[in-house]
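Asker: Here's my sequence, what's the structure:
(one chain, ligands or ions: 1)
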Amino acid sequence: MLTLDKNERLAMWDRVIAGIEDYIDTLPGKPCAMEFGHKELRDKIGSIDFNTPMTPAEAVDFAADALREYQVHVPHPRYYGLFNPAPATASIAADALVAAFNPQLATWHHNPIGCEIERHLIRSIAERFGYSPEETDGSFTSGGAEANHTALLTALVDAFPEYAAGGLRALDSQPVLYASAESHHSISKAARLCGLGAEAVRSVPVDQAFRMIPDELTKQIHRDRAEGLLPFFVVATIGSTNAGVIDPISAIADVARDESLWFHADAAWGGAAVLVPGLRSHLAGIERADSIIFDAHKWLATPMGAGMYFTRHPDILHRTFALSADYMPTGSREIDAADPYERSMQCSRRFIGLKLFLSLLVAGWEGYEKMIRRHVEMGDLLRSRLGASSWAIVNDTPLPLVCFVDDTGPCGDEEPRLKAIADEIVTSGRAWISSTRIGGSKPVLRVCIMNHRTVHDDIEALVHDLNRARDQIGGQNSK
Ligand SMILES: Cc1ncc(COP(=O)(O)O)c(C=O)c1O
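Answerer: Numbering: from 1, shown residues only. Predicted coordinates for the structure are as follows:
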């Protein structure tokens, strides 16, 4: 039954398309997330018997129904969460094509079209960041975490060429790196994975706006050098996960230049701002970064996972990852095209770039620019509506990520109260928001707008729901 005949295949595809379209059409009227028992879920999956196959139609319906029932619906227009997009239809179609054609992007030889499309995308987007296409290299990754890991590895090899062959024990001392206290945890994870250990990550203090303090960075570098450690890498976060805050890019670039550190920009989400002329100035200085990461599967509305790593050191990926193997097909060298497996962590690799390519073919830069501008407008609308309803905004960012507390009384910024409000919203199913702590200690509610189907009415409804949740919880004495 692995080989279906043509009628069976077409019937199966009809079912898949019907399932996807029904999901998209009905989702706005459905809860963003539903309560369910873990036991019920385990029992449902546990009762599946692979000795009794289903028909293709039954199998597709089972999967689509289960996905409808047992997940947080991140494509929902009122999902205001953690940078998970509603994928654009063109990029969903691209992923289906990729699954069917199964292009192998380990080598240029097996998939010249995929390699050339990805090369073109990497250069085109790097150019938007201000890199010159001739000096740009880069690769698609599974996501931001792999891209940050790639950045750390390339910086290590650049600073300590002996690391590639001899590992950390070939070095004279312990390398250390710098990130703000608000940076993404994948930086620490990458430090562990590189063998540096999480303690090699120096957490640089942030100012009241949660931005890295460049003077503190310099002081920490000098303290570390005085102790005989080896500073080599600093990351500026361009749109922090918690609060969308943009580190002072040029000032950090100056420190990196003065102290001879590799300067990395983690623009996993906020990097999309370079596509909008009015926002580009907030990222001034990013073109000075030695490496940049940016995820299409965040603000560019592609399905997961589609990360990108860019560098303006054209040979560093090769120096970091190249290992040739006799069994791998060759043929790319004579045409000046590099094999992806020699320039990334992955060997067998999915054609990640097609979902961005198809979406760009259909929407164009202009389509993306319009979407991002609309999100920024909705972020401003949300801030103004919240302010008018006695919520206090606590983060400062041009991006549509709003952190706020209840301003109706003295307990409005207490964590249990904010969590109760977020829980009330989530269990109502009317929207999905989260609570977090910024600056390590300040509890806030967090709303991020990045769904291409979200409209102004959704924002008005969210403020209404927040006010209602606050009233239901009560317990504030007026200030
Ligand atoms: C700033 C930042 N960097 C890196 C990542 C990791 O990206 P991914 O989840 O695609 O691995 C995230 C994820 O939210 C992020 O916000």
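Asker: make it CA atoms for all contacts and neighbour counts henceforth
Answerer: Noted.
Asker: How many residues are close by Glu40?
Answerer: Neighbour count for Glu40, taken as other C-alpha atoms under 10 Å: 10.
Asker: Extract the residue ranges of this protein that are flagged as low pLDDT.
Answerer: 331-336, 476-479 (pLDDT under 70).
Asker: Give me every residue in the stretch 101-250 of the chain lying close to the ligand.
Answerer: Contacts of the stretch 101-250 of the chain with the ligand, taken as C-alpha under 6 Å from any ligand atom, map to Gly143, Gly144, Ala145, His184, Ser240, Thr241.
Asker: neighbour-wise, which of these leads?
Answerer: When neighbours are counted by other C-alpha under 10 Å, Gly144 leads these with 28 neighbours.
Asker: Quick one: neighbours of the residue of the stretch 301-450 of the chain found nearest the ligand, just the number.
Answerer: The stretch 301-450 of the chain approaches the ligand most closely through Gly307 (6.2 Å), counting by C-alpha to the nearest ligand atom. Using other C-alpha under 10 Å, the number of residues around Gly307 comes to 24.
Asker: same deal with Asp457?
Answerer: For Asp457, using other C-alpha under 10 Å, the count is 9.
Asker: how far away is it from the ligand?
Answerer: According to C-alpha to the nearest ligand atom, to the nearest Å, Asp457 and the ligand sit 26 Å apart.
Asker: Helices - which of the residues of the stretch 101-250 of the chain next to the ligand land there?
Answerer: Here DSSP state H is the test, and these give Gly144, Ala145 as lying in helices.
Asker: Pull the most distant pair out of the residues of the stretch 101-250 of the chain next to the ligand.
Answerer: Within those, Gly143 and Ser240 form the most distant pair, 15.9 Å apart (C-alpha to C-alpha).
Asker: OK, contacts around the residue of the stretch 301-450 of the chain closest to the ligand?
Answerer: 140-144, 146-147, 268, 293-297 (C-alpha atoms under 8 Å, 6 or more residues apart in numbering).
Asker: if you set the cut-off to 7 Å instead, what comes out?
Answerer: Applying C-alpha atoms under 7 Å, 6 or more residues apart in numbering to Gly307 gives the contacts Phe140, Thr141, Ser142, Gly143, Gly144, Ala147, Phe294, Asp295, Ala296, His297.
Asker: what is it paired to in the beta sheet?
Answerer: As for beta bridges, Gly307 partners with Thr141, Asp295 under DSSP bridges.
Asker: Would you state the strands of this structure in chain order?
Answerer: For the chain, applying DSSP state E gives strands covering 137-141, 175-180, 201-204, 230-237, 262-266, 291-295, 307-311, 391-393, 401-406, 434-438, 442-448.
Asker: who does the fourth one touch, helix- and strand-wise?
Answerer: Right, the one you point to is strand 230-237. Using 3 or more C-alpha pairs under 7 Å, 6 or more residues apart in numbering; DSSP states H and E as the contact criterion, the elements in contact with strand 230-237 are strand 175-180, strand 262-266.
Asker: closest one to Leu27 among these?
Answerer: Once the helices and strands packed on strand 230-237 are compared by C-alpha to C-alpha, strand 262-266 is nearest, at 32.4 Å.
Asker: Give the buried residues for the closest one.
Answerer: Trp262, Phe263, His264, Ala265, Asp266 (16 or more other C-alpha atoms under 10 Å).
Asker: Equivalent analysis for stretch 460-477, please.
Answerer: For stretch 460-477, a neighbour-count test (16+ other C-alpha under 10 Å) marks Leu462, Val463, Asp465, Leu466, Asn467, Ala469, Arg470, Gln476 as buried.
Asker: List the contacts of it.
Answerer: Against stretch 460-477 from outside (C-alpha under 7 Å, 6+ apart): Arg385, Leu386, Thr408, Gly409, Cys411, Ile421, Glu424, Ile425.
Asker: any chance you could map the helices in the stretch 51-200 of the chain?
Answerer: 56-69, 89-101, 112-129, 144-159, 163-166, 186-193 (DSSP state H, counting those that start in this stretch).
Asker: Could you look over these and pick the most buried one?
Answerer: helix 144-159 (a mean of 24; mean count of other C-alpha atoms under 10 Å).
Asker: Can I get that helix in PDB, CA atoms only?
Answerer: Taking C-alpha atoms only, helix 144-159 is exported to PDB below (Å, rounded to 0.1, in the frame of the first residue of the first chain):
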ATOM      1  CA  GLY A 144      17.500  30.500  14.600                       C
ATOM      2  CA  ALA A 145      19.100  28.100  17.100                       C
ATOM      3  CA  GLU A 146      21.100  26.300  14.400                       C
ATOM      4  CA  ALA A 147      22.000  29.600  12.800                       C
ATOM      5  CA  ASN A 148      23.300  31.000  16.200                       C
ATOM      6  CA  HIS A 149      25.200  27.800  16.700                       C
ATOM      7  CA  THR A 150      26.700  28.200  13.200                       C
ATOM      8  CA  ALA A 151      27.700  31.800  14.000                       C
ATOM      9  CA  LEU A 152      29.500  30.700  17.200                       C
ATOM     10  CA  LEU A 153      31.400  27.900  15.400                       C
ATOM     11  CA  THR A 154      32.500  30.200  12.500                       C
ATOM     12  CA  ALA A 155      33.600  32.900  15.000                       C
ATOM     13  CA  LEU A 156      35.600  30.200  16.900                       C
ATOM     14  CA  VAL A 157      37.300  29.000  13.800                       C
ATOM     15  CA  ASP A 158      38.100  32.500  12.700                       C
ATOM     16  CA  ALA A 159      39.600  33.500  16.100                       C
END
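Asker: Okay, angle between it and strand 230-237 too, please.
Answerer: With axes from the mean of the first three to the mean of the last three C-alpha atoms, to 10 degrees defining the directions, helix 144-159 sits at 150 degrees from strand 230-237.
Asker: Centre of the chain to helix 144-159, how far?
Answerer: Between the centre of helix 144-159 and the centre of its chain there are 16 Å (C-alpha atoms, centre = their mean, to the nearest Å).
Asker: so what secondary structure elements neighbour it?
Answerer: Packed next to helix 144-159, using 3+ C-alpha pairs under 7 Å, 6+ apart, are helix 186-193, strand 291-295, strand 307-311, helix 316-321.
Asker: outside of that helix, which residues touch it?
Answerer: Counting by C-alpha under 7 Å, 6+ apart, helix 144-159 makes contact with 141, 163-164, 186-187, 190, 194, 232-233, 262, 268, 291, 293-295, 307-309, 316-317, 320, all of which sit outside it.
Asker: now do 6 Å
Answerer: With C-alpha atoms under 6 Å, 6 or more residues apart in numbering as the test, helix 144-159 has contacts from Thr141, Tyr163, Ser186, Ala190, Ala268, Gly307, Tyr309, Thr320.
Asker: which ones are touching the last one?
Answerer: Right, the one you point to is Thr320. Neighbour list for Thr320: Thr154 [criterion: C-alpha under 6 Å, 6+ apart].
Asker: Same check on the third one?
Answerer: Residues touching Ser186, when contacts are defined by C-alpha under 6 Å, 6+ apart, comprise Ala145.
Asker: What residue in the stretch 151-300 of the chain comes nearest to the ligand?
Answerer: Thr241 (4.0 Å).
Asker: how many neighbours does Val426 have?
Answerer: Using other C-alpha under 10 Å: Val426 sits among 21 other residues.
Asker: same thing with Ser434?
Answerer: Ser434: 21 neighbours (other C-alpha under 10 Å).
Asker: and the gap between the closest residue to it other than its chain neighbours and Ser389?
Answerer: Nearest residue to Ser434, sequence neighbours excluded (C-alpha to C-alpha, 6 or more residues apart in numbering): Arg446, at 5.4 Å. Counting by C-alpha to C-alpha, to the nearest Å, the separation of Arg446 from Ser389 is 16 Å.
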